[in-house]
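Q: With the input below, show me the fold.
(2 chains)
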Amino acid sequence: MEVKILTQHYDKPEYQSLEGYKKYEGYQQLKKALTLKPEAITEMVKQAGLRGRGGAGFPAGVKWGFLPNNGKKRYLICNADEGEPGTFKDRAMMDRAPHQLIEGMIISAFAINSPKSYIYIRGEYFESKRIVEKAIKEAYAANLLGDNILGSGFSHHMDIYSGAGAYICGEETGLISSLEGKKGQPKLKPPFPAIEGYLAHPTIVNNVETLAAVTIIIRDGVEGYRKYGTEKSPGTKLFSVSGNVVKPGNYEIPLGTPLKDVIFNLCGGLKQGRKLKAVIPGGSSAPVLNEEEAMSVNMDYEDLADKGSMLGSGAIIVIDDSNSMVELLQVLMHFYHHESCGQCTPCREGTGWLSKLSNSILEGSASLNDVKLLEKVANHMKGKTICALSDAAAFPVLSFVSKFKEEFISAATANVALQFQSKNGQSYKRG
Amino acid sequence: MFTISEKTKAFITKEVSRYETKRSAIIPCLFELQKDNQGWINNDCIESLSQFMNIPSKDINEVFHFYTMFNKQSVGNFHIQVCCNISCHMNGGLDLFQVLSDKFNIKPQQVSKEGLAISKVECLGSCGTAPMMQVNEKYYENLTKEKAIQLVNDLVASKKQN
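A: Residues are numbered from 1 along each chain as shown, chains lettered A, B, ... in the order given. As a prediction, the model looks like this:
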């Protein structure tokens, strides 16, 4: 079930260094790409059907095709600000295969004719930053970066930029604002970054996994890449599995793999003989699936959308029957309230309401009307803001409440501490 | 007025030259300034940075207050950050936070006599190895209460030896 294409050499410690990476055909695809026409590479990425692996799933080649020919300097930004709860795949990729990312970035930069790229890395990832920084230095020393790369006439410079602890900087325009030295507040689109991005220059922002996958497309060709996955969701994808499974971790599987196979075969099922209760299939902002839905869904963009959820960043959070859905929702709402950038009123105020309401339901100090109000507020937040953080908070609320309504009603009407006690036996309050 | 060290001044000068606009250098410079002031930043530090970079302090403050990794008060020698987001929560993150707070008598927003500060934090991207914590720049994963206590004891002992 696991198909290790991107992650083929992850278990080899030497793969982190340039010397080790070269042992496994490292930078051979860059050499190949530099003999192709840039437009041909963009076309390959389009034909391969590579979709953005950061969460939105927008076709990467199509995004590249939006760049205007206005003579302005173009920027490439790698979005390595992995912040979606449940997601930890990009960190693993940067730690174990930094050159794979760098090679993918140079090829992508060549395809879009960009002389300068930034890797915007999550601030907390100090170790990953050190590893990628070292790899960039190695690449410069080997003329894989810099002027006239490998005598091709193409020059490209790459730099690393550290975030400073803001989830919203994972949103591409928030990231660009941050790189410009401002609050990481998203910008209204259009204009999209491809037209007007970093310092108003045409800018492509792609996720770590997306850029690394470009190398695989060059190596295997369009047909080779499409050998795995489905017609509309081709290729493999890295899934981060966490929660109540026996073997959590990152797994590379073809898109379209049944979720039940991931949980019960790859991850060894649930801990301590517990029963599956729910699964969040694509990071904390994806609508939750109940057991029945989780058992019948395939992990691709279309099937998850058909089941009312989304693939998102590929973070599968497995929830067993020892958990209170009311408690987990409260944890998530605290997160979204904490991370709202405050720019749009429905999000700034709405996430506060969601956090307070879910907290009072959890504490047993709410009423049945508060459950209705929770849904009402969430409904008012959908599609009303500059970026999707507001939706990201609303989706869990609406799916948690509709699929586990009894728990919410029971907690709201109990008017006692908790129906479910938190794991340490204390009621759960956050400051 | 806070005096920026010569080393940090050299860093700032170099960093500013790397970007097309000076503002882009604010985040990296704030990180460096934070190191210069034992892990946190106050108004004096901001004013000094503003003067040195020749950027209005309101622009620096905008950045400083938006991002959570810039500490507004001292976080001691060891800032223990326990992840309490969903996957860590399901695997005992909150319990870990409580045990460490109790065992080492660390009060919220304060630094203990051993130089420890503790915070509940949001997802640190280590969900498959929950529960976990970050101490200063290092991640400690797959923790148990016992392992976490031992780790903190070792850190405190290492500081005493130095």
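Q: contacts, neighbours, all on C-alpha from now
A: OK.
Q: hey, where'd the strands end up in the stretch 301-431 of chain A?
A: Under the criterion DSSP state E, counting those that start in this stretch, the stretch 301-431 of chain A carries strands at the ranges A:315-320.
Q: residue ranges for the helices of it, please.
A: For the stretch 301-431 of chain A, applying DSSP state H, counting those that start in this stretch gives helices covering A:301-306, A:325-339, A:345-363, A:368-381, A:389-403, A:405-414.
Q: Show the contacting residues for the residue nearest to residue A:170 when sequence neighbours are not counted.
A: Excluding its sequence neighbours, the residue lying closest to residue A:170 (C-alpha to C-alpha, 6 or more residues apart in numbering or on different chains) is residue A:81, at 5.2 Å. If you count contacts by C-alpha atoms under 8 Å, 6 or more residues apart in numbering or on different chains, residue A:81 has them with A:120-123, A:163, A:167, A:169-170.
Q: got the residues you listed as JSON lines, with pLDDT, distance to residue A:73 and neighbour count columns?
A: Shown next, in JSON lines, are those (pLDDT from 0 to 100; distance: C-alpha to C-alpha, whole Å; neighbours: other C-alpha atoms under 10 Å in any protein chain shown):
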{"residue": "A:120", "pLDDT": "98", "distance to residue A:73": "19", "neighbour count": "27"}
{"residue": "A:121", "pLDDT": "98", "distance to residue A:73": "22", "neighbour count": "28"}
{"residue": "A:122", "pLDDT": "97", "distance to residue A:73": "25", "neighbour count": "26"}
{"residue": "A:123", "pLDDT": "97", "distance to residue A:73": "27", "neighbour count": "23"}
{"residue": "A:163", "pLDDT": "97", "distance to residue A:73": "23", "neighbour count": "25"}
{"residue": "A:167", "pLDDT": "96", "distance to residue A:73": "28", "neighbour count": "28"}
{"residue": "A:169", "pLDDT": "97", "distance to residue A:73": "23", "neighbour count": "30"}
{"residue": "A:170", "pLDDT": "95", "distance to residue A:73": "23", "neighbour count": "25"}
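Q: Just send those back as CSV, with secondary structure and distance to residue A:281 too.
A: Formatted as CSV, these follow (DSSP: H, G, I helix; E, B strand; the rest coil; distance: C-alpha to C-alpha, whole Å):
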residue, secondary structure, distance to residue A:281
A:120, strand, 25
A:121, strand, 24
A:122, coil, 23
A:123, coil, 26
A:163, coil, 26
A:167, helix, 19
A:169, helix, 22
A:170, helix, 19
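Q: what two of those residues are the furthest from one another?
A: Farthest-apart pair in the contacts of residue A:81 is A:120 and A:167; separation 12.5 Å (C-alpha to C-alpha).
Q: now, among the contacts of residue A:81, which is nearest to residue A:75?
A: Using C-alpha to C-alpha, the contacts of residue A:81 come closest to residue A:75 at residue A:120, 12.4 Å.
Q: Which residue lies closest in space to that closest one, excluding its sequence neighbours?
A: Here the residue nearest residue A:120, using C-alpha to C-alpha, 6+ apart, is residue A:161, at 4.8 Å.
Q: Against residue A:78, how distant is the one you found?
A: Residue A:161 sits at a distance of 10 Å from residue A:78 (criterion: C-alpha to C-alpha, to the nearest Å).
Q: ok, back up a step: what's the helix or strand for the residue nearest to residue A:120?
A: strand A:157-162 (DSSP states H and E).
Q: before we move on, what about residue A:20?
A: Here residue A:20, judged by DSSP H and E, is contained in helix A:18-23.
Q: quick one: buried residues of that helix?
A: Judged by neighbour count using 16 or more other C-alpha atoms under 10 Å in any protein chain shown, the buried positions of helix A:18-23 are A:18, A:21.
Q: For the residue of chain B found nearest chain A, what are phi and psi?
A: Residue of chain B nearest chain A, by C-alpha to the nearest C-alpha: residue B:24 (4.1 Å). Main-chain dihedrals, residue B:24, degrees, to the nearest 10: phi -60, psi -20.
Q: For the residue nearest to it when sequence neighbours are not counted, grab the count of nearby residues.
A: The shortest distance from residue B:24 to any residue other than its chain neighbours is 4.1 Å, reached at residue A:181 (C-alpha to C-alpha, 6+ apart). For residue A:181, the neighbour count with other C-alpha atoms under 10 Å in any protein chain shown is 21.
Q: Surely residue A:181 is in a helix?
A: No: with DSSP: H, G, I helix; E, B strand; the rest coil as the criterion, residue A:181 is assigned coil and is not in a helix.
Q: how about it, what does it touch?
A: B:23-27, B:63.
Q: and the stretch 101-250 of chain A, which residues reach chain B?
A: By C-alpha under 8 Å from any C-alpha of the partner chain, the part of the stretch 101-250 of chain A that sits against chain B consists of A:123-124, A:126-127, A:161-166, A:178-184, A:240-244, A:248-250.
Q: try it again with 7 Å
A: Contact residues (C-alpha under 7 Å from any C-alpha of the partner chain) of the stretch 101-250 of chain A with chain B: A:126, A:164-166, A:179-183, A:241-243, A:248-249.
Q: Any of these buried? List them.
A: Among these, those buried by neighbour count (16+ other C-alpha under 10 Å) are A:164-166, A:179-183, A:241-243, A:248-249.
Q: which of those residues lies closest to residue A:146?
A: residue A:179 (21.3 Å).
Q: Distance check, the residue nearest to that closest one when sequence neighbours are not counted against residue A:358.
A: Spatial nearest neighbour of residue A:179, excluding adjacent residues (C-alpha to C-alpha, 6+ apart): residue B:24 at 5.7 Å. To residue A:358, residue B:24 is 38 Å away according to C-alpha to C-alpha.
Q: If you count surrounding residues, which of those two has more?
A: Neighbours were counted for residue B:24 and for residue A:358 using other C-alpha under 10 Å; residue A:358 has more, 28 against 21.
Q: Just to check, that one is in contact with residue A:328?
A: No: assessed by C-alpha atoms under 7 Å, residue A:358 is found out of contact with residue A:328, at 9.5 Å.
Q: For whichever residue of chain A sits closest to chain B, give its distance to residue A:392.
A: Relative to chain B, the nearest point of chain A is residue A:181 (4.1 Å; C-alpha to the nearest C-alpha). Distance, residue A:181 to residue A:392, using C-alpha to C-alpha: 25 Å.
Q: and what of residue A:237?
A: The gap separating residue A:237 from residue A:392 is 22 Å, by C-alpha to C-alpha.
Q: One more: residue B:140?
A: Relative to residue A:392, residue B:140 is positioned 29 Å away (C-alpha to C-alpha).
Q: next one: residue B:150
A: From residue B:150 to residue A:392 the distance is 38 Å (C-alpha to C-alpha).
Q: now residue B:23
A: 30 Å.
Q: Same list, the contacts of residue A:81, but as CSV with distance to residue B:5 please.
A: Listed next are the contacts of residue A:81 as CSV, based on distance: C-alpha to C-alpha, whole Å:
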residue, distance to residue B:5
A:120, 27
A:121, 27
A:122, 27
A:123, 23
A:163, 23
A:167, 31
A:169, 30
A:170, 33
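Q: and the top strand by length along chain A, average pLDDT?
A: Looking across chain A with DSSP state E, the single longest strand is strand A:236-243. Averaged across strand A:236-243, pLDDT comes to 97.
Q: of residue B:140 and residue A:392, who's got more company?
A: Taking neighbours as other C-alpha under 10 Å, residue B:140 and residue A:392 compare with residue A:392 leading, 22 against 17.
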